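*Asks:* Sequence first, then the predicted structure:
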Amino acid sequence: MMGKGRVEAFSDGVIAIIITIMVLEFKTPEDASLPALLHLAPHVAIYAMSFVYVGIYWNNHHHMLHAVKGVSGGILWANLHLLFWLSLVPFVSDWMGEHYLSPWPVALYGVVLFMNGVAYGILAWRLVRHEGPDSVLARAYRNDRKMIGSVAAYGIAIAAAWVLPVLSLALYAGVALAWLVPDRRIEKALHMT
């Protein structure tokens, strides 16, 4: 069994870079007026939502890795898979910030969120399998309706982007709000040991 320290440190570093890239995507207004600043409002709103999403993944990733004793090669690859999808958040955030009511950017944002959810689920599954059926994570993830519901909401939002992009944006914001409070299942399972 390999230690988990390097996975945590590497993941923290990649996530910090992702957040840095997102903020660097902001362009300064063309002139020094309030209307020019207000023109950036969609970018700021989408940046804030994306920042919250990356923060949610960082927070839950931290809790998940805190509950495990070690990692395997498969877990390392599952973690990289998650980081890959997280690394696309700055790109889709910037594109959607430019075209927040256009179907392609709104749908692609949803695809990236969907794949982040799937990748997180794969990582969680690999960790549960590695730790065993009586592990803290196995107890914490016995009922995963919230994660399944989130991925389903992303699927609905992707489809809705072609008809009503505003509904997609509302679904993305709703899922982010649902996860804003850190996942307490792991903390509860840790206290039961």
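*Replies:* Looks like it came in fine. Predicted, not measured: the structure shown is a model, and the values here were computed from it.
*Asks:* what are the ranges of the helices in the chain?
*Replies:* Ranges of helices within the chain are 5-24, 34-38, 41-66, 73-87, 89-98, 103-131, 136-140, 145-160, 165-179, 185-192, based on DSSP state H.
*Asks:* May I see those arranged in TSV, with mean neighbour count and mean pLDDT as well?
*Replies:* C-beta here means a position set from N, CA and C on the backbone, and glycine is covered the same way. Formatted as TSV, the helices of the chain follow (neighbours: other C-beta atoms under 10 Å; pLDDT from 0 to 100):
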stretch	mean neighbour count	mean pLDDT
helix 5-24	15	95
helix 34-38	10	88
helix 41-66	18	94
helix 73-87	18	97
helix 89-98	21	95
helix 103-131	20	97
helix 136-140	21	87
helix 145-160	17	95
helix 165-179	18	96
helix 185-192	15	69
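*Asks:* Which residue, other than its chain neighbours, is closest to residue 146?
*Replies:* Nearest non-adjacent residue to residue 146, counting by C-beta to C-beta, 6 or more residues apart in numbering: residue 178, 6.8 Å away.
*Asks:* hang on, the one you found packs against residue 147?
*Replies:* No. Residue 178 is beyond contact range of residue 147, at 10.4 Å (criterion: C-beta atoms under 8 Å).
*Asks:* shared neighbours of those two, which are they?
*Replies:* Counting by C-beta atoms under 8 Å, 6 or more residues apart in numbering, residue 178 and residue 147 have no contacts in common.
*Asks:* give the contact list for residue 81.
*Replies:* Here residue 81 is in contact with 119, 122-123 (criterion: C-beta under 8 Å, 6+ apart).
*Asks:* repeat for residue 54
*Replies:* Residue 54 makes contacts with 15, 18-19, 22, 86, 89, as judged by C-beta under 8 Å, 6+ apart.
*Asks:* one more time with 6 Å
*Replies:* By C-beta atoms under 6 Å, 6 or more residues apart in numbering, the residues touching residue 54 are 18-19, 89.
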